[in-house]
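Visitor: Provided below for reference: sequence and predicted model.
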Amino acid sequence: MIPAGFDYEVAESVEHAIELLGNGEDTKLLAGGHSLLPAMKLRLARPALLVDVGRLNDLAYVKEEGETIAIGALTRHKDVASSPELREHCAIVSYTAGHVGDPQVRHRGTIGGSLAHGDPASDLPSVILALHGELVARGPGGDRAIPAGEFFTGVWQTALAPHEVLVEIRVPKLGAAGWSYTKMARRAQDWATVAVAAVVHGNGSVERAAVALTNMGATTLRATAVEKALVGGASIDDAAALAADGTEPPTDHMASSDFRKHLARVLTRRALEEASRRSGRRARGG
Amino acid sequence: MAVAETATETFVGTSVKRKEDASLLRGRGTYVDNLTLPATAYMAIVRSPYPRARITSVNLDAARAAEGVVSAFSGTDLADDWKGGLPCAWPVTEDIKMPPHYPLATDEARYQGDGVAVVVAESRALAKDAAELVGVEYEPLPSIAGVERALEEGAPLVHEDVGTNECYVWKLETDDFSAALDAADVVVTRRYFQPRLIPSAIEPRAVVAQVGPTGDVTIWSATQIPHILRFATQLVLGIPESKIRVIAPDVGGGFGSKVEVYAEDQLAVTLARRLGRPVKWTEERAEAHVATIHGRDVVHELTFAATNDGTITAVKSEAWCAMGAYLQLVTPGVPLLGAWIYSGPYAIPNYSVTFTGVFTNTTPTDAYRGAGRPEATYVLERTMDALARELEMDPIELRQKNFVKEFPYTMASGLTIDAGDYDATLGRLLELLDLDAIRADQAARRESDDPRQIGVGFSTYNEMCGLAPSRILGAIRYAVGGWDAATVRFQPLGSVQVVVGTSPHGQGHETTFAQIVADQLGVDVDDVEVLHGDTASSQQGMDTYGSRSLAVGGIALWNAGEKIIGKARKIVAHQLEVAEDDLDYANGTFTVKGSPDRTMGIREAAFAAHAAHDLPDGMEPGLEQTAVFDPPNFSWPAGAHAAVVEVDTETGDTRLVRYVAVDDVGTAVNPMIIDGQVHGGVTQGIAAALFEEGAYDEEGNLLTTTMATYLVPSAAELPSYETDRIETRADNPLGVKGVGETGTIAAAPAVINAVVDALSHLGVTDVGLPATPERVWKAIEEVRT
């Protein structure tokens, strides 16, 4: 598995990375490399230049900022998974990071790399979407915060401009909200066949919820029909039955489109049930 | 004179740590890819992206002009190099269709991955880059992948010249078979498809070829068969075998996929000769999915005839077996390796087996762990459960009722099982399983309508391995013999060198063979060095496949050791001035009968043999003996396996909860190594049941091109296995049977029988392979609607 030829530069700072990105087209940032390098080895991706941001250690952090938790884009999955701040205040993120890929992936892969890759089968986009998180991009003109709902624009496509670097992910503290990330994958190391991220507000029941679906379309999706039905007082069973409404999930070696729709309904029900059980108390990481 | 002391410890039956692991586990092994000879050039193959296409032209100009390129060749450029095609050693019938198969296609590519050109460059990366610059004009042609559709009227032909996709029809049927079928109370027929499996050895294939100053050729190949590869290289390239040395250094797994004479081995040799430089090729993982043989891809229809009390009176199997686009080394013969065991461990008096080999526009199939026997055992054990349901009989009781009870037993298919105790293996399994608790849990979950249901499934199997008696191989048209050879050599100071004709690739021969010799000659296991995998040191051998190394090569080794003892006895008798018959031999020491103080160690005899100061008249100096053993019978391992699964009936997600295996592989030489073989084999059987599927579309485009889509399970998906053994001695001096394939043969039907059992209360009777969540869900949906 030998990639096509490419140039390689090491970024000494975010600003240096932005400068290197500006040099030409066909440039990719290299962080943990667990999505990009396999694609290059299969020659499905052929960037002319790799800008290695893997040494920007000042982008590896998790910190509390008032009602928000800020996560540096280069924080590795295993550090996200074990972060005390996240486990205390936003355990859906730490739990899910602990279920990305396998241990090798989690020790190299980064939260920013995973999100910026824009893979609709990845776990973290749905979680950040269900949390109404923000993604902070830095470009030549400074920082801008992109709401998660606007960040994912297509298969492997995001709102990041060619010269921007994702530097931080911001998620709210969950307080008494319940949460669940319910995933079905064939093998531990596989992408989700389908997964559901749910954040539920209520006290043992569902008053309102944010539900996001993994691998049910070109991007992670909000299950808006489910959310509306819940606000309207529908039961979890009735609301979850709407989970696949309006979706056009892919057919691939893991599942047909129809089976994915079925799974979305079952897993949404289970996610809402689990999240509602956890709501009304301060949930700790699983 | 410092002669090492006689060992008092015995080794057979103990879990001696593998001698191989000290280097392998520390990354100090030498695989083919670790070898870099001076001036090596690297080869990359240009492969057809189409399942079938006419090759209109091959333009090599851009590739030849690229950085670091040594040369580039089309199939036509090399056509005169081949004195013969890539060999198929098993023309199973007189009228089998055997289309020619050369290392590169010239006129037409017949499967996705068929080689059409080769580029040689100064590095592997440059060769790969330049291969992308080869301009091949293809004219895509109609193509076909499935065996059933390939036999339909008007289907595209894989080989137009052959005029049909039917490669052969092979049949074995007992007299009065039809009458037995007609007389049955109950007849059950079931149809099954066993998909393709892509062998995924940790080490991909690799080859280095070097030509010496006298035209002698050395081939380092990641192969299971250095001896057969040497022989075949003469056939393909016309180089006398005496000028060819094949070395299989450390080889990282094979599972049958390296029992092969591949295009790349022959290309490397011919290019090394043309270019005067060593030529190296290492397969890429995704390349292996199209360029290395596949296993299975068989449609079966299996019929049992039985009386109302559950006595099975006849078995009939019809199978349509994918050959792929070409016949590789034993492609047509793979089904035959299961042909005699469609009655399994059961006494079934009437027997009919038919195989139809079918060409399709796919990667050639060939032997993959179990080869023919997993195919047979799967349909047999699944249909045992189907018959039990039909008769409303317990599936265990049905098996017990039909077991062969007395040994030796000659089966309806004509072969004789030397030893076994099928009730004992199943009995031990049931002791370990606690079936009552499982059934109680199952009943409770059914009662509460739990979405997660559990099921238990069984597979009581036997198999024939230890390939193979040469006369039988001849009778079934296999081109070569099934014997093996070993040399045992006492060095002057008492250490022992063993040279074997088998060629391990993970099995641990250096350890198990040393254990056998150490006990036999009374030396320490560390004083026995086992040499293998190099035709220069082991001139004779038939290599490693079909669970043959211990059951055939191990007996050759034992016989060579007996010859050593025989010669040493003459020396000792001469020196002690007694008759040979007056000497007892045990544990490395000869003792004069009735005079326990008059002894001489075999190591002293070894020194005397080398000093040659005082040998019997006419005796040649030295203490080295070779034995060649041709087994009179196959080896007949057997066992009883059970799987317990939990099925999420809402999502179809199926998890293996327990796997219990009780095997009878005869005398256990090294229990740890046996457990390792069982664990690995069972995992591959489970993989076929739940995970792995090499899928093509109807035209022959491979859909599972990488390890992201071809799902090899990891430890995370599997429970810890529970294993145990019983031992019935095989009819050979060591009492040993093969173990390399048992787990793979047994596991898949146990798992699927468990899945069906979990869902049987809903009315589910079958789930296709592999039992993916979607297939399980659909099976449930079908019976609900």
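Guide: Cool, the structure landed.
Visitor: and chain B, which residues reach chain A?
Guide: B:124-125, B:128-129, B:132, B:284-286, B:650-651, B:653, B:691, B:695, B:703-704, B:706, B:708-709, B:711, B:713-714, B:716-717, B:772-774, B:777-778 (Cβ under 8 Å from any Cβ of the partner chain). C-beta: built from backbone N, CA, C; applies to glycine.
Visitor: Point out the ones among those residues that are inside helices.
Guide: Of the residues of chain B next to chain A, the ones assigned to helices by DSSP state H are B:Arg124, B:Ala125, B:Lys128, B:Asp129, B:Arg285, B:Ala286, B:Pro773, B:Glu774, B:Trp777, B:Lys778.
Visitor: Report pLDDT for the fourth one.
Guide: The score at B:Asp129 is 97. That number is its pLDDT.
Visitor: With A:Val105 instead?
Guide: pLDDT for A:Val105: 93.
Visitor: Surely it is within a helix?
Guide: Yes. Applying DSSP: H, G, I helix; E, B strand; the rest coil, one finds A:Val105 inside a helix.
Visitor: nearest spatial neighbour of it, skipping sequence neighbours?
Guide: A:His34 (5.0 Å; Cβ to Cβ, 6 or more residues apart in numbering or on different chains).
Visitor: is it fair to say that neighbour lies in a strand?
Guide: No. The assignment for A:His34, made by three-state DSSP, is coil rather than a strand.
Visitor: how many other residues sit next to it?
Guide: When neighbours are counted by other Cβ atoms under 10 Å in any protein chain shown, A:His34 registers 21.
Visitor: For it, give its distance to chain B.
Guide: Going from A:His34 to chain B by Cβ to the nearest Cβ, to the nearest Å gives 12 Å.
Visitor: and if you look at A:Tyr8?
Guide: 14 Å.
Visitor: Test my guess that that residue contacts A:Ala48.
Guide: No. With contact taken as Cβ atoms under 8 Å, A:Tyr8 and A:Ala48 are classed as non-touching, separated by 10.5 Å.
Visitor: These two: which is more packed in?
Guide: Remark: of A:Tyr8 and A:Ala48, A:Ala48 carries more neighbours, 14 against 10, as counted by other Cβ under 10 Å.
Visitor: Excluding chain neighbours, what is closest to that one?
Guide: With Cβ to Cβ, 6+ apart as the criterion, A:Ala48 has its nearest non-adjacent residue at 3.9 Å, and that residue is A:Asp26.
Visitor: Quick one: name the residues of the stretch 1-150 of chain A near chain B.
Guide: Checking the stretch 1-150 of chain A against chain B by Cβ under 8 Å from any Cβ, the hits are A:Met1, A:Ile2, A:Ala4, A:Gly5, A:Pro38, A:Leu42, A:Asp102.
Visitor: quick one: which of the residues you listed is nearest to A:Gly175?
Guide: A:Asp102 (32.2 Å; Cβ to Cβ).
Visitor: Which residues are in contact with the closest one?
Guide: Residues in contact with A:Asp102 (Cβ atoms under 8 Å, 6 or more residues apart in numbering or on different chains) are A:Ala188, A:Gln189, B:Ser714, B:Ala716.
Visitor: try 10 Å
Guide: Listed by Cβ atoms under 10 Å, 6 or more residues apart in numbering or on different chains, the contact set of A:Asp102 reads A:His34, A:Arg187, A:Ala188, A:Gln189, A:Asp190, B:Ser714, B:Ala716.
Visitor: Please flag which of those residues sit within strands.
Guide: Among the contacts of A:Asp102, no residue falls in strands (DSSP state E).
Visitor: So among those, which ones count as buried?
Guide: Buried members of those, counted by 16 or more other Cβ atoms under 10 Å in any protein chain shown: A:His34, A:Gln189, A:Asp190.
Visitor: possible to save the residues you listed as TSV with pLDDT?
Guide: Rendered in TSV, the data for those read as follows (pLDDT from 0 to 100):
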residue	pLDDT
A:His34	90
A:Gln189	90
A:Asp190	94
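Visitor: Give the closest residue to B:Pro364 in space, chain neighbours not counted.
Guide: Excluding the flanking residues, the one nearest B:Pro364 by Cβ to Cβ, 6+ apart is B:Gly324, at 3.5 Å.
Visitor: So what's the residue count around that neighbour?
Guide: So B:Gly324, with other Cβ under 10 Å, has 25 neighbours.
Visitor: Look up which residues are beta-bridged to it.
Guide: Counting by DSSP bridges, B:Gly324 is bridged to B:Phe359.
Visitor: before we move on, the earlier item: using ChimeraX, define a selection of the buried residues within the residues of the stretch 1-150 of chain A next to chain B.
Guide: A single ChimeraX command is used to select the members of the residues of the stretch 1-150 of chain A next to chain B judged buried by 16+ other Cβ under 10 Å:
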select /A:2,38,42
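Visitor: I'd like the residues of the stretch 1-150 of chain A next to chain B as JSON lines, with secondary structure and pLDDT appended.
Guide: Formatted as JSON lines, the residues of the stretch 1-150 of chain A next to chain B follow (DSSP: H, G, I helix; E, B strand; the rest coil; pLDDT from 0 to 100):
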{"residue": "A:Met1", "secondary structure": "coil", "pLDDT": "85"}
{"residue": "A:Ile2", "secondary structure": "coil", "pLDDT": "92"}
{"residue": "A:Ala4", "secondary structure": "coil", "pLDDT": "94"}
{"residue": "A:Gly5", "secondary structure": "coil", "pLDDT": "94"}
{"residue": "A:Pro38", "secondary structure": "helix", "pLDDT": "92"}
{"residue": "A:Leu42", "secondary structure": "coil", "pLDDT": "92"}
{"residue": "A:Asp102", "secondary structure": "coil", "pLDDT": "91"}
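Visitor: which two of the residues of the stretch 1-150 of chain A next to chain B lie the greatest distance from each other?
Guide: Using Cβ to Cβ, the pair of those lying farthest apart is A:Gly5 and A:Asp102, separated by 29.5 Å.
Visitor: Please report how far the nearest residue to B:Asp653 once chain neighbours are set aside lies from A:Glu88.
Guide: Spatially, and ignoring its direct neighbours in sequence, B:Asp653 is nearest to B:Pro773 (4.9 Å; Cβ to Cβ, 6+ apart). According to Cβ to Cβ, to the nearest Å, B:Pro773 and A:Glu88 sit 35 Å apart.
Visitor: Neighbour count for these two, which is higher?
Guide: B:Pro773 (23 against 17).
Visitor: per the record, what domains does chain A have?
Guide: A:7-52, A:57-171, A:179-278 (automatic domain parsing).
Visitor: Adding distance to B:Val330, write the ones you listed out as JSON lines.
Guide: Below are these laid out as JSON lines (distance: least, Cβ to Cβ, whole Å):
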{"stretch": "domain A:7-52", "distance to B:Val330": "32"}
{"stretch": "domain A:57-171", "distance to B:Val330": "36"}
{"stretch": "domain A:179-278", "distance to B:Val330": "30"}
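Visitor: wait, which of those is closest to B:Asp107?
Guide: Once those are compared by Cβ to Cβ, domain A:7-52 is nearest, at 28.0 Å.
Visitor: Now do the contacts for the residue in chain A positioned nearest to chain B.
Guide: Nearest to chain B in chain A, going by Cβ to the nearest Cβ, is A:Ala188, at a distance of 3.8 Å. Shown here is A:Ala188, whose contacts under the criterion Cβ under 10 Å, 6+ apart are A:His99, A:Gly101, A:Asp102, A:Pro103, A:Val105, B:Pro713, B:Ser714, B:Ala715, B:Ala716, B:Glu717.
Visitor: I figured B:Ile516 hits B:Leu550, correct?
Guide: Yes. Here B:Ile516 reaches B:Leu550: they are 8.6 Å apart, a contact under Cβ atoms under 10 Å.
Visitor: Identify the contacts common to those two.
Guide: B:Leu557, B:Thr667, B:Val669, B:Asn670, B:Leu734, B:Val736.
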